[in-house]
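Asker: Have a look at this prediction, sequence included:
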Amino acid sequence: MTAADADLIRSLVTPERLREFFAPRSVAVVGASDTSGWARFVAASSRAAGFAGPLIPVHPRHRTVFGTSAVRSLRDLAEPADVAFIMVGVDVVESVLDDAAAAGVRNVIVLAAGYRELGEPGRALEDQMIARASARGITVLGPNCLGFLNAHARAAPFALTVPPPLLPGPVGIALQSGALASVVLAFAHAHAIGVSTLATLGNEAMITATDVLEYLVEDDATRVICLFLEEIGDPASFTRAAGRAARAGKPIVALKAGASPAGREVALAHTGAVAGDDAVVDAVLRQLNVIRVTSIEDLLGTAALLGYDRWPRGRRMGVVSTSGGACDLIADRAAAEEIEIPEFAPRTTAAITPLVPPFAAVRNPLDVTGYFLANRRTSALTPADHALAAAVADPGLDFVVFTGLTLPDTRPDEPLAAVLEERAGWLGELIASAPVPVIALGHTCVNVSDYGRQVLGRGGIHLLGGIDLGMTALGHALRWLERRDGPWRAPAGPDTAAPAAPVTGAAAAGAGVPGAGPARAWNGAAAPGAAGAAWPETAARDLLARSGFPVVPAELAGSADEAVAAARRLGFPVVLKICSAQITHKSDVGGVAVGPRTEAEVRAAYARVRAAGESVPGARLDGVLVSPMRAGGVELIAGVTVDPAFGPVLAVGLGGIWVEVLADTSLRLLPVDAGEVRRMLAELRGSPLLRGARGSRPADLDAVAAAICLLGDVAAGLDGSLRALEVNPLWVDGDRVEALDVLVVTAPAPGGSESRP
């Protein structure tokens, strides 16, 4: 695809163009027949949405379809349809696009499968189809696509079931899945979660998930955005769109498939998508402040909280319930989500005490008890309601969770119905006017009945589905809010990263690297050696040291006598390790000796290490590195690798020989600043070791962060040739920070030519 072709397609998927696409007033269904299940779905979905415009069947042989007059071709339409849903085979799609262009139809959905999901021949066919459409100014959703619905516009060219009635609401949804959309809609309907626009994306040949994300960011009816993702096809565009969502104050909640090897294989077979490394994706989403969830229930439950309720101001939660067991469950889940449950203020306790029986303890979380249920109702309001009114006025709370509202499946007889509806109306007014947010929470994730939906809707109340789901949603929301208000930088992405300062000093001159030029000269040529080659550690150490990175002193020895002389100069005890570009995991082959304290021990260690290196087939030995041993402190790992989709990724974690076993790492896309590195260190399970656990010396975290930031700059200075730059271990003891072992791997950058500034 040429740059001009790409620009043309971008002009057809702008938010302005998609506003037209997703709000059609007329729909033509090409290939509709009385025996077509797909067409039947579209007709039923349009009825469920309350679509008032014409739904026009198009078929070359049938005069009527579903009792509606049909036309033979789009060219026979009396006026252009706003959207054409093309339900014909792959071999006919392009001729229908010609008909659409002739008829003035600007927007189409392509149902047909058999394109890029089948491999290269299908990809070529898809590219040809999209080129034909874009050349004619036609915007395409799909192919391999089941359509969309827009509840506020009452439009649903959607070839799946829509549970009636379709509830308009604040949740926008984009799905890289077709059939899963019906499951999402069923859960949303069952829990009275209203939808703005839901779009299935198919192969995303023209309209992508990022395009729909940008449309939803600008859509006034959408307050929160849900994504089901199998891949992030254009990381740079996704990053920019997520940044716009953040600036617009619209949370993004994402369910990203492909976290396991099996999941990645399914994603590949299902859409032709290649799922990237999930740990990197997770880090990117966190860095973009995208809420990542693991289930459809969490996806929609979190979206419902952020879409309907006022957002909490902080983590101090009040709880008002009619069940002590519910209070216990909420307290346990609050602890897991790091939500505080402070004591009520004295005036709150005083206001609540007369409302509850003498045996009830007035504390937070509050169990009003079910005692009042045994007494005859003299008012629509219950003690739980009055207690809630007192709790929301507590100055020490940021929000209040209320589990005291339950509704029957069907409308009861009078006068109970009037009492229930009066109470719901009062609660709705209290929730709307309370000085802090009130989160209404069901005890379990049960469906909301039609009667319950009516009562809650009239009161303006949304009931979150169950304690576990609700508390999980609160945890997600609070973390999103804290990151939103805190200092964070979106990653630049692989093609938008700001250029780093070049590596300077002797490292820039390729110190220790035979035949190497400046660091930036390795853009397009592996340095040194063949593609994907690891550098000798002497060269890797020099690269860091000459850039100002603290590296432990070391000398390269070619004999036992040289090793002893080096140990005398450096000071005992020492560490000896084999130096060979072909041996990157030295300890695995016995190529490391730690702690020799005498000349005799150094000679013996040299012989062992040298023999271990010589036993590795194909390894070329440069010698044995001798360095002073560092004891105490904490060993970290800090490294940069290059993800094929997202670009350079920084990893920080507990290091040494246990890095794979402990798996305690934090990831970020580069670039990062020192503050972001501090947050990465705080995320580690082993972070207490850096803060001086059990009386140890606390690490100077500013010094650690500065060193790791410098590592990122050095990695960027290698331009596109970098494959890996790793310091393991990075030794930290108070304010002393040193690289004890350095690995650099480079390979030719795209283009394969060497450039020298």
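Answerer: Sure thing, it's come through. Everything numeric in this text was worked out from a predicted model, so none of it was measured.

Asker: Low-confidence ranges, the stretch 401-550 of the chain, go.
Answerer: Scanning the stretch 401-550 of the chain for pLDDT under 70 picks out the ranges 485-532.

Asker: What are the boundaries of the strands in the stretch 301-450 of the chain?
Answerer: Ranges of strands in the stretch 301-450 of the chain, per DSSP state E, counting those that start in this stretch, are 317-321, 366-367, 399-402, 438-441.

Asker: now the shortest one: mean pLDDT?
Answerer: Which is strand 366-367. Mean pLDDT, strand 366-367: 96.

Asker: got the strands of the stretch 301-450 of the chain as CSV, with mean neighbour count and distance to Y606 columns?
Answerer: C-beta here means a position set from N, CA and C on the backbone, and glycine is covered the same way. Shown next, in CSV, are these (neighbours: other C-beta atoms under 10 Å; distance: least, C-beta to C-beta, whole Å):
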stretch, mean neighbour count, distance to Y606
strand 317-321, 26, 63
strand 366-367, 26, 72
strand 399-402, 26, 66
strand 438-441, 24, 67
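
Asker: Quick one: those strands as TSV, columns for distance to A739 too.
Answerer: Below are the strands of the stretch 301-450 of the chain laid out as TSV (distance: least, C-beta to C-beta, whole Å):
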stretch	distance to A739
strand 317-321	45
strand 366-367	55
strand 399-402	46
strand 438-441	49
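
Asker: can you tell which of the ones you listed is closest to S696?
Answerer: Nearest of the strands of the stretch 301-450 of the chain to S696, taken as C-beta to C-beta: strand 317-321 at 34.9 Å.

Asker: Give me the sheet partners of that closest one and which way each runs.
Answerer: In the sheet, strand 317-321 lines up against strand 366-367 (parallel), strand 399-402 (parallel) (DSSP bridges).

Asker: Residues contacting the longest one, please?
Answerer: If you take C-beta atoms under 8 Å, 6 or more residues apart in numbering as the criterion, strand 399-402 is touched by 310, 312-313, 316-321, 330, 384, 388, 391-392, 434, 436-441, 470, 474.

Asker: picking up where we left off before, just put the strands paired with strand 317-321 in a markdown table and tack on distance to V652.
Answerer: Formatted as a markdown table, the strands paired with strand 317-321 follow (distance: least, C-beta to C-beta, whole Å):
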| stretch | distance to V652 |
| --- | --- |
| strand 366-367 | 43 |
| strand 399-402 | 34 |
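
Asker: where are the low-confidence patches of the stretch 601-750 of the chain?
Answerer: 657-658, 660-661, 694, 748-750.

Asker: which stretches of it form helices?
Answerer: Ranges of helices in the stretch 601-750 of the chain, per DSSP state H, counting those that start in this stretch, are 659-662, 674-683, 687-690, 701-717.

Asker: Compare the strands paired with strand 317-321 and give me the one nearest A241.
Answerer: Of these, nearest to A241 by C-beta to C-beta is strand 399-402, at 29.6 Å.

Asker: now the closest one, how far from the chain's geometric center?
Answerer: Put simply, strand 399-402 sits 28 Å off its chain's centre (C-alpha atoms, centre = their mean, to the nearest Å).

Asker: And stretch 682-699, by the same measure?
Answerer: On C-alpha atoms, centre = their mean, the centre of stretch 682-699 falls 28 Å from that of its chain.

Asker: Okay, buried residues for it please.
Answerer: Within stretch 682-699, the residues scored as buried using 16 or more other C-beta atoms under 10 Å are 683-684, 686-687, 689-690, 696, 699.

Asker: At which residues are the helices of the stretch 1-150 of the chain located?
Answerer: With DSSP H, counting those that start in this stretch as the criterion, the stretch 1-150 of the chain has helices spanning 3-11, 15-21, 37-49, 90-103, 120-135.

Asker: same check, this time on the stretch 351-500 of the chain
Answerer: Under DSSP H, counting those that start in this stretch, the stretch 351-500 of the chain gives helices at 383-391, 416-433, 450-459, 467-485.

Asker: ok, the spatially most central residue of the chain to R685 distance?
Answerer: Nearest residue to the geometric centre of the chain (C-alpha atoms, centre = their mean): L285, 3.2 Å. As defined by C-beta to C-beta, to the nearest Å, L285 lies at a distance of 20 Å from R685.

Asker: G318 now?
Answerer: In terms of C-beta to C-beta, G318 sits 31 Å off from R685.

Asker: What of P235?
Answerer: 28 Å.

Asker: Strand partners (parallel or antiparallel) of the longest strand seen in the chain?
Answerer: Counting residues, the longest strand found in the chain (DSSP state E) is strand 722-733. Strand 722-733 sits in its sheet next to strand 634-643 (antiparallel), strand 736-739 (antiparallel), strand 742-746 (antiparallel), going by DSSP bridges.

Asker: Ok, which of these comes nearest A716?
Answerer: Judging the strands paired with strand 722-733 by C-beta to C-beta, what sits closest to A716 is strand 634-643, at 8.4 Å.

Asker: measure E230 to T369 for me?
Answerer: From E230 to T369 the distance is 49 Å (C-beta to C-beta).

Asker: ditto for I138
Answerer: Taken as C-beta to C-beta, the span from I138 to T369 is 65 Å.

Asker: Quick one: neighbours of the spatially closest residue to G457 that is not a sequence neighbour, just the number.
Answerer: Nearest residue to G457 in three dimensions, chain neighbours excluded: A192, at 7.3 Å (C-beta to C-beta, 6 or more residues apart in numbering). Neighbourhood size, A192 [other C-beta atoms under 10 Å]: 23.

Asker: ditto for the one 5 residues further on
Answerer: Burial of T197 is recorded as 26 neighbouring residues (other C-beta under 10 Å).

Asker: That one and E218 touch, don't they?
Answerer: No. When contacts are counted by C-beta atoms under 8 Å, T197 is not listed as touching E218 (11.5 Å).

Asker: quick one, strands of the stretch 501-650 of the chain?
Answerer: Going by DSSP E, counting those that start in this stretch, the stretch 501-650 of the chain shows strands at 533-534, 555-557, 574-579, 592-594, 623-628, 634-643, 647-654.

Asker: Given the fourth one, what are its sheet partners and their directions?
Answerer: Each strand paired with strand 592-594, and its direction, by DSSP bridges: strand 574-579 (antiparallel).

Asker: can you tell me the average pLDDT over the partner strand?
Answerer: Mean predicted lDDT for strand 574-579 stands at 96.
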